[in-house]
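Colleague: starting from these lines, generate the structure:
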Amino acid sequence: MPRFYCSDIEAATGRIDPVFLHSPQYECEPLSDLLATRVILKVETMNPIRSFKGRGADLLVQQANKPLLCASAGNFGQAMAYATRKYKVPLTVVASVNANAFKVDRMKALGAEVILQGEDFDAAKVFAHQLAAERQLRFVEDSFDVETAIGAGTIGLELLHYPEPLDALLVPVGNGALINGIGSVYKEKSPATKIIGVQAAGAPAMVESWKARKRIMHESISTIADGIGVRIPVKEALDDLEGVMDETLLVSEESLLLSMKILYRTAGLIVEPSGAAGIAALLEHGPFKSMKVGVILCGSNLTQEQLNTWLT
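Modeller: Residues are numbered from 1 along each chain as shown. Alright, predicted model coming up:
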């Protein structure tokens, strides 16, 4: 039985902080010309946290009545910090010792207590579960808490207003909230649009699990796309994918880097590796020629060193 419906997403549009809603969506003609594909960008980077995750976090924190604790690679933590500051709810975030320094600094600046623990996101999440139990705090989890997917689903509602129907949507897949939310909307409102999940080849756990119809976990991952770098899928989010995601594609690190540069040069947009995953899929995979393809640019939080190294 589904954990949420399109009607839940429609109801959420009136509750989410408007600063995260109605993000730009348009065809980028230079990009379309370069890729021989009509590329419709959905730019989720032009908000206070430079990420789509503010939609779901705002919805989730509205209902909180006690201090919260979460684990994050950075963008979800920023979203939670922004929302908890707004609603005056204490927040602790556990991030990896290798987490993006810019994202960590932003979480702290937004008022969260940040604890660095574990070599990667999933190790940090294990520690966060233990710490929440010790401190008797509510542990909130991206993609497990349905508000994160419901909030992300409002992106799909907005894309439905694009003047022409889309042939396909390329959606980065991390824990799964983004594609589960958007996919739920499109399966009900525009079922002819293919929903295609994109992961880094160096972190393929969700794609492999979806294909195998069971959780497949990895001991380690290797990708610069920290926002979608998941090695232990959330079971509930994986279950939600059933009937929502039509296809999957894996992309290389080289394609992610090239896609970031292409987006900067053709669209003037700074996008982090996970946000560029959809463009990387267009570069690597061929069946999109002459199609109308929506691409979700889901985040743009980069350190100065990353900007200097990856975009020049």
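Colleague: list the buried residues for whichever strand or helix holds Met206?
Modeller: Per DSSP states H and E: Met206 is located in helix 205-212. Across helix 205-212, burial judged by 16 or more other Cβ atoms under 10 Å covers 205-210. C-beta: built from backbone N, CA, C; applies to glycine.
Colleague: then stretch 232-247?
Modeller: So, applying 16+ other Cβ under 10 Å, buried residues of stretch 232-247: 232-234, 236-241, 244-246.
Colleague: what do you get for stretch 300-312?
Modeller: 300-303, 306, 310.
Colleague: distance between the ends of that stretch?
Modeller: Distance across stretch 300-312, first residue to last, is 16 Å (Cα to Cα, to the nearest Å).
Colleague: what helices and strands are in contact with the helix holding Met206?
Modeller: strand 194-200, helix 235-240, strand 247-251 (3 or more Cβ pairs under 8 Å, 6 or more residues apart in numbering; DSSP states H and E).
Colleague: as JSON lines, the buried residues of stretch 232-247 with distance to Glu188 and pLDDT would be great.
Modeller: Formatted as JSON lines, the buried residues of stretch 232-247 follow (distance: Cβ to Cβ, whole Å; pLDDT from 0 to 100):
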{"residue": "Ile232", "distance to Glu188": "30", "pLDDT": "97"}
{"residue": "Pro233", "distance to Glu188": "24", "pLDDT": "97"}
{"residue": "Val234", "distance to Glu188": "23", "pLDDT": "97"}
{"residue": "Glu236", "distance to Glu188": "20", "pLDDT": "97"}
{"residue": "Ala237", "distance to Glu188": "19", "pLDDT": "98"}
{"residue": "Leu238", "distance to Glu188": "20", "pLDDT": "97"}
{"residue": "Asp239", "distance to Glu188": "18", "pLDDT": "97"}
{"residue": "Asp240", "distance to Glu188": "14", "pLDDT": "97"}
{"residue": "Leu241", "distance to Glu188": "15", "pLDDT": "97"}
{"residue": "Val244", "distance to Glu188": "10", "pLDDT": "97"}
{"residue": "Met245", "distance to Glu188": "15", "pLDDT": "98"}
{"residue": "Asp246", "distance to Glu188": "14", "pLDDT": "98"}
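Colleague: tabulate those (JSON lines), appending distance to Ile155.
Modeller: Shown next, in JSON lines, are the buried residues of stretch 232-247 (distance: Cβ to Cβ, whole Å):
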{"residue": "Ile232", "distance to Ile155": "25"}
{"residue": "Pro233", "distance to Ile155": "21"}
{"residue": "Val234", "distance to Ile155": "20"}
{"residue": "Glu236", "distance to Ile155": "20"}
{"residue": "Ala237", "distance to Ile155": "16"}
{"residue": "Leu238", "distance to Ile155": "20"}
{"residue": "Asp239", "distance to Ile155": "21"}
{"residue": "Asp240", "distance to Ile155": "16"}
{"residue": "Leu241", "distance to Ile155": "17"}
{"residue": "Val244", "distance to Ile155": "14"}
{"residue": "Met245", "distance to Ile155": "15"}
{"residue": "Asp246", "distance to Ile155": "17"}
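Colleague: pLDDT score for the residue lying farthest from the centre of the chain?
Modeller: Distance to the chain centre peaks in the chain at Glu134, reaching 29.1 Å (criterion: Cα atoms, centre = their mean). For Glu134, the model assigns a pLDDT of 97.
Colleague: secondary structure element holding it?
Modeller: Glu134 belongs to helix 121-135, assigned by DSSP H and E.
Colleague: tell me the angle that helix makes with helix 205-212.
Modeller: With axes from the mean of the first three to the mean of the last three Cα atoms, to 10 degrees as the basis, helix 121-135 and helix 205-212 are set at 100 degrees to each other.
Colleague: how close does Ala64 sit to Leu21?
Modeller: 21 Å (Cβ to Cβ, to the nearest Å).
Colleague: can you check Val244 too?
Modeller: On the measure of Cβ to Cβ, Val244 and Leu21 end up 22 Å apart.
Colleague: same question for Leu59.
Modeller: For Leu59 relative to Leu21 (Cβ to Cβ), the value is 11 Å.
Colleague: which residues touch the residue farthest from the centre of the chain?
Modeller: Residues near Glu134 by Cβ atoms under 8 Å, 6 or more residues apart in numbering: none.
Colleague: break this protein into its domains for me.
Modeller: Annotated domains of the chain cover 6-52+146-310, 54-140 [automatic domain parsing].
Colleague: what's the local residue count around Gly286?
Modeller: 9 (other Cβ atoms under 10 Å).
Colleague: over to it. Which of the three states is it?
Modeller: Following DSSP: H, G, I helix; E, B strand; the rest coil, the label given to Gly286 is coil.
Colleague: how much space separates it from Thr37?
Modeller: From Gly286 to Thr37 the distance is 10 Å (Cβ to Cβ).
Colleague: list the contacts of the closest residue to Ile270 other than its chain neighbours.
Modeller: Leaving aside its chain neighbours, Ile270 sits nearest to Ser300 (5.1 Å; criterion: Cβ to Cβ, 6 or more residues apart in numbering). Each residue near Ser300 by Cβ under 8 Å, 6+ apart is listed here: 45, 50-51, 269-272, 275.
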